[in-house]
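S.K.: following is a predicted model, sequence given first.
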Amino acid sequence: MTQSNRPIEPPDKSHMKAIFTPLNIGFTLVVIVLAGVAFFFLWQRRHQPIVSEDENKAVSISVPVIPVVKKTLFRQDQLPGEIEAYQDVLIYPKVPGFIKEIKVDRGSLVKKGDLLVSMYAPEYLAKRHEFVAKVEGAKAALAAEESQLQDLKAELEKERANLLADQSTYQRVYAASLVPGVIADNDVVQWSQTVNVDRQAVNSSIKKVNAKDHAVQMRRAEVDAMVKAFESFADFASYLQIYAPFDGYVTERKMHVGSFVGPDGTGAYPPICRLQQLDLLRIVAPVPEPLTEGVVLGNEVEFSVSAFPDQRFKGTIARISNSLDKETRTMPVELNFLNPKFKIVPGMFTKIYWPSRRRETSLFVPLSAVVSTPLNTFVCKVADDRVQWVSVKKGEIMNDLVEVFGDLKEGDLVAQNGSEELQNQSRVKPISKPLKVGSAASDH
């Protein structure tokens, strides 16, 4: 290709002059200014409230509020209970033997001291006869020892008399021997030896008497011990007669005439019968841990039984265990119930209408006022037309009210219907509502 030698012409700038006319430049400036103004208003709207303070007052929502009240917790809770006999005894004999006679059966009403069972124990009788023979033999041996002691004492007295007589003769012979030629010296020596022999005989007899006396004392102590042992053993005869330990009702009978029974209560021998006191019953109530503060001795508590569903009975708080069951977190409390006609019996299913109360007052709000979330439990307190979330801990419920513990005081206003929609620090228009409570509530 050959390059043309045509000269290069300069570009045509006429169309550029047409674009940058004064009219176009003015229009562009106007658009830029409008865009800047629009951006300014958008930025201001982004960083300022949509409405002014006055407008916010004009459009704030109305919220029904109720006062926080101070009351004493009092309500009735239904608790399952157990009915037990006031006294409940399984009758076992103290000694083994055969039943000779049973004077009671299931359903028998007995008084304290009534004879329940008579027993026969042949082994006991054989041992008793053997013991009697041993005691009598020991007493006979004691009598023989005492007789021998008396013989030794008599012999001692005789020897003492001989000693005195011989001493007297020796003294006269000795006095006469002082006169020469009256008494031979050999006679004096013989009487002196006779006195020494008598003295030795007396000393020997004294030793024999002391030894025999000691033997008699030992034998007497042995006999006394055997007699006391026999008397103690003889007391077992009273165990063959079994008497009622208290006024009661025979609810079970396990054994019959001729049955062999024993004192072992571990299952080797069944009990003869079972005696329960039914004119006074124990009503056992498992009181939950939060309600134990209100347990007061002497207070009356109502209960009902399935056998008489239309009636309520009253028991009196008589015993408090003062110890919680670790598994159920309840404290057993016993009521006394007088039951002279045996209308209620142990084992009946019962409902206890437990009066739950606190000894001190606490703050209450309606159930609807408390908001519970996974992170917090609070009420919407309203003060100076603003909402304030106050964290609380819920307590017991009384009618339509619930105990609350937190930074509240009596008379504070809270939203009747608490909700997360009532934002913290948001402005509202409070409308006071009267607090309605049930008749069971007790005002402070």
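M.R.: It's in. The structure presented is a predicted model; accordingly, all values stated were derived computationally and were not measured.
S.K.: now the host helix or strand of residue 287: buried residues?
M.R.: If you go by DSSP states H and E, residue 287 is part of strand 273-288. Under the neighbour-count criterion of 16 or more other C-beta atoms under 10 Å, strand 273-288 has 273-279, 281-288 buried. Bear in mind the C-beta positions are built from the backbone N, C-alpha and C, glycine included.
S.K.: could you dump it to CSV, C-alpha only?
M.R.: Taking Å, rounded to 0.1, in the frame of the first residue of the first chain, the C-alpha atoms of strand 273-288 are listed here in CSV:
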residue,chain,number,x,y,z
CYS,A,273,-51.5,-60.1,115.2
ARG,A,274,-51.4,-56.4,114.5
LEU,A,275,-52.8,-53.8,116.9
GLN,A,276,-53.5,-50.2,115.7
GLN,A,277,-54.8,-47.2,117.6
LEU,A,278,-57.6,-45.8,115.4
ASP,A,279,-59.3,-43.3,117.6
LEU,A,280,-56.4,-40.9,117.0
LEU,A,281,-54.8,-40.8,113.5
ARG,A,282,-51.7,-39.2,112.0
ILE,A,283,-52.3,-37.3,108.7
VAL,A,284,-48.9,-36.9,107.1
ALA,A,285,-48.6,-34.0,104.7
PRO,A,286,-45.5,-33.5,102.4
VAL,A,287,-45.1,-29.7,102.5
PRO,A,288,-43.0,-28.3,99.6
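S.K.: report the mean confidence score over that strand.
M.R.: The pLDDT scores in strand 273-288 average 95.
S.K.: can I see the domain layout of the protein?
M.R.: Domain ranges of the chain: 61-72+361-443, 77-85+275-357, 123-236, per automatic domain parsing.
S.K.: and the strand holding residue 287, what does it pack against?
M.R.: strand 74-91, strand 115-120, strand 248-253, strand 300-305, strand 330-338, strand 350-357 (3 or more C-beta pairs under 8 Å, 6 or more residues apart in numbering; DSSP states H and E).
S.K.: again, 10 Å this time
M.R.: Packed against strand 273-288 by the contact rule (3 or more C-beta pairs under 10 Å, 6 or more residues apart in numbering; DSSP states H and E) you find strand 74-91, strand 109-110, strand 115-120, strand 248-253, strand 300-305, strand 308-320, strand 330-338, strand 350-357.
S.K.: any idea how far that strand is from the chain center?
M.R.: 16 Å (C-alpha atoms, centre = their mean, to the nearest Å).
S.K.: ok, then the element right after the helix ranked longest in the chain?
M.R.: Longest helix in the chain by number of residues, with DSSP state H as the criterion: helix 122-177. Downstream of helix 122-177, the next assigned helix or strand under DSSP H and E is helix 185-234.
S.K.: relative to the whole chain's centre, how far out is that next one?
M.R.: That offset, for helix 185-234, works out to 67 Å (C-alpha atoms, centre = their mean).
S.K.: I'd like the next helix or strand past that helix.
M.R.: Moving toward the C-terminus from helix 185-234, the next helix or strand (DSSP H and E) is helix 236-239.
S.K.: which residues touch whatever helix or strand comes next after that next one?
M.R.: Next in sequence after helix 236-239, counting helices and strands by DSSP H and E, comes strand 241-243. Contact with strand 241-243 is made by 91-94, 99-103, 110-119, 261, 272-273, as judged by C-beta atoms under 10 Å, 6 or more residues apart in numbering.
S.K.: now do 8 Å
M.R.: Contacts to strand 241-243, defined as C-beta atoms under 8 Å, 6 or more residues apart in numbering, come from residues 91, 93, 113-119, 272.
S.K.: show me where pLDDT drops low in the stretch 101-250 of the chain?
M.R.: Per-residue confidence for the stretch 101-250 of the chain (pLDDT under 70) gives these ranges: 232-234.
S.K.: list the residues that contact residue 98.
M.R.: 119-122, 258-261.
S.K.: find the pair from the buried residues of strand 273-288 with maximum spatial separation.
M.R.: Longest distance between any two of the buried residues of strand 273-288 is 38.2 Å, between 273 and 288; criterion C-beta to C-beta.
S.K.: still on that earlier bit, with mean neighbour count and distance to residue 380 as added columns, please give the helices and strands packed on strand 273-288 in JSON lines.
M.R.: Formatted as JSON lines, the helices and strands packed on strand 273-288 follow (neighbours: other C-beta atoms under 10 Å; distance: least, C-beta to C-beta, whole Å):
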{"stretch": "strand 74-91", "mean neighbour count": "17", "distance to residue 380": "26"}
{"stretch": "strand 109-110", "mean neighbour count": "16", "distance to residue 380": "66"}
{"stretch": "strand 115-120", "mean neighbour count": "18", "distance to residue 380": "72"}
{"stretch": "strand 248-253", "mean neighbour count": "19", "distance to residue 380": "61"}
{"stretch": "strand 300-305", "mean neighbour count": "18", "distance to residue 380": "39"}
{"stretch": "strand 308-320", "mean neighbour count": "14", "distance to residue 380": "41"}
{"stretch": "strand 330-338", "mean neighbour count": "19", "distance to residue 380": "35"}
{"stretch": "strand 350-357", "mean neighbour count": "20", "distance to residue 380": "28"}
